[in-house]
Structures are given as structure tokens and as C-alpha cells.
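# model this:
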Amino acid sequence: MRGLSDVEISSNQLQGPIPNSKAFRDATIEVLKVNNGLCGNVKGLQPCKKGSGVGQPPVEKGHKIVFIIIFPLLGALLLLFAFIGIFLGAERRERTPEIEEGDVQNDLSSISTFDGRTMYEENIKATKDFDLMYCIRKGGHGSIYKAELPSGNIVAVKKLHPSDIDMANQRDFLKEVRAPTEIKHRNIVKLLGFCSHPRHSFLVYEYLERGSLATILSREAVKKLVWATRINIIKEMADALS
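The predicted model follows:
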């Protein structure tokens, strides 16, 4: 109705708010009379009730069509992105090689420095099948045992908890085995060997008579260390980890 200049709708039994256009705003009551309940901002008509939409531009059908088109398109795009994400995730999982038990055992054997069967039997015998009387420390992933081997050497044996020796955790076990072998420093405890066995899995380290650095620093006497000594300890540790 934008091009409409004059209106004449009298005696048509119309009702409701009149359109918000110039022709109706400039109309007189004469061209609108004898209708059944017209309302609007024209002298002689009843004002429309609040919320009836008078005075507001009507919602055009084109806007409704836009909404009808846009929302399905957005939904389709979201579904498309979801399928692409699922597809890429599945493809990535297929490309990730699974660790076979034989591969893990081969990797572990390549690092071992002792005969596996001999070392296993010696440590089982030295700790009396990991009796608690030989346990010197317990941690989140295992317990540390003090063992005296037939050769007279004393070693620290870290026995992993049963829940940490399944195939799902072989990666972590392999990392813990390899880490000490890649670090050569006098302040890092030496890994002497290891054993991966269905019954027991453990790591064999050199035994430190005075305990670990954490144990030493927790003693009361260490509080008397001068700053020069403390700084030297920090430097040595940083050098070992660099």
C-alpha cells in the first residue's frame, strides 16, 4: 500500500486496526465510517488496544520467507559439520597404529641390560616375593623395595601396582624405562634394568644409601644448609634435567 494516495472504505463492515500508511493516516472519518470496529490514529475512530500492532510497520511476508529458508540451512550445515568431525576422528583413529604386545616387549628388551630371567629370579628371591618387610617406600604407581642380590650389590626395586601393568599402561612403563637411559648425569639415579612379566613388572635402580633428594631435604639437619650449598644443588638438578 505504499503507492496508495487516497482510500474509500466506508460501509464495508471492516474491523481491526487500519494500516500504517500515508493514505490511511491522512484519511478522514468520512471515508472510514460505517465499519464494524475499525480502530487507529484517525480522528473519529476508537484508538486501538495496546498490542494490536497499530502504528507499527506490518511484518512483510518476505521476512517470513527468509526465516523459513535460513533456519533449515543452518540445521543442515550443523549436521554436515558434525558428520565431517565424526569422519575425521574415525580416520585419525585408524591411522594411529595400535601397540601390539610383541612390539612392546621388543622395545623393552632392547633397553634391558641384564638377562631377564636371571634378574627376575634374583629380585624375587632377594625380596622374598616382594614381602612388605623389604618395602622402603610406597608411591602412586608402585612400591620401592630394598634388595641385596647374590653378587652382594644392593639395589632399589620399583614394583608397579597390578593396575599399572596391563597393555593400556605399557606406554607409560616404556617411557619410564627409556627416560633414565637417555639422561646421563651423576645426579640422576641409574636404571640398572627392568622386568616386564605377567606376574610382576618392576624397575631396578641403583640403591642410594642416604635416600632420594626429597628425603634428604626433608630432614631437620638440612635446614642448616648455607645458601651456597642450596644454590649448588639447584644448579646441579637443573643441569641434570636440561
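# which parts of stretch 126-145 are buried?
126-127, 130, 134, 142-145 (16 or more other Cβ atoms under 10 Å). The C-beta positions use only the backbone N, C-alpha and C, and glycine is treated the same way.
# what residues does it touch?
Contact with stretch 126-145 is made by 124, 146-150, 156-161, 164, 172, 200, 202, as judged by Cβ atoms under 8 Å, 6 or more residues apart in numbering.
# Pick out the most distant pair among the residues you listed.
P150 and D172 (30.8 Å; Cβ to Cβ).
# quick one: contacts for W227?
Going by Cβ under 8 Å, 6+ apart, the list of residues near W227 is empty.
# Can you check what pLDDT the model gives it?
With respect to pLDDT, W227 scores 75.
# Check D131 too.
For D131, the predicted pLDDT is 90.
# can you tell me how far the closest residue to G40 other than its chain neighbours sits from N41?
Excluding its sequence neighbours, the residue lying closest to G40 (Cβ to Cβ, 6 or more residues apart in numbering) is I18, at 3.9 Å. Applying Cβ to Cβ, to the nearest Å, the value for I18 to N41 is 8 Å.
# Of these two, which one has the most company?
Set I18 next to N41 and count neighbours by other Cβ atoms under 10 Å: I18 wins out with 22 against 14.
# doesn't V42 make contact with that one?
Yes. Counting by Cβ atoms under 8 Å, V42 is a contact partner of I18 at 6.8 Å.
# Next, show the common contact partners of the two.
Common neighbours of I18 and V42 (Cβ under 8 Å, 6+ apart) are 24, 27, 32.
# What is the neighbour count of the last one?
Per other Cβ under 10 Å, the neighbour tally for L32 reads 22.
# Go ahead and confirm it touches L38.
Yes. L32 lies in contact with L38 (Cβ under 8 Å); the separation is 5.9 Å.
# Please enumerate the shared neighbours of these two.
What both L32 and L38 touch, as defined by Cβ under 8 Å, 6+ apart, is the set 18, 45.
# Would you agree K158 falls within a helix?
No. With DSSP: H, G, I helix; E, B strand; the rest coil as the criterion, K158 is located in strand rather than a helix.
# Dump the buried residues of stretch 126-145 into TSV; add secondary structure as well.
Shown next, in TSV, are the buried residues of stretch 126-145 (three-state DSSP):
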residue	secondary structure
A126	helix
T127	coil
F130	coil
Y134	helix
G142	strand
S143	strand
I144	strand
Y145	strand
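# Minimum pLDDT in those, which residue is that?
G142 (83).
# what about the nearest residue to that residue once chain neighbours are set aside, neighbour count?
Distances taken as Cβ to Cβ, 6+ apart place L160 nearest to G142, at 4.4 Å, with adjacent residues excluded. Look at L160: counted by other Cβ under 10 Å, it has 21 neighbours.
# i'd like the first residue to be 38 from this point on
Sounds good: first residue 38 from here, last item L197.
# ok, now which ones touch L197?
Counting by Cβ under 8 Å, 6+ apart, L197 has contacts 178-179, 210, 238-240.
# what are the ranges of the strands in this structure?
Under the criterion DSSP state E, the chain carries strands at the ranges 53-54, 75-76, 172-175, 179-185, 191-197, 228-233, 238-243.
# Could you dump those strands into TSV with distance to M156 added?
Output for those, formatted as TSV (distance: least, Cβ to Cβ, whole Å):
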stretch	distance to M156
strand 53-54	95
strand 75-76	99
strand 172-175	19
strand 179-185	11
strand 191-197	10
strand 228-233	5
strand 238-243	7
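# Many thanks, have a good one.
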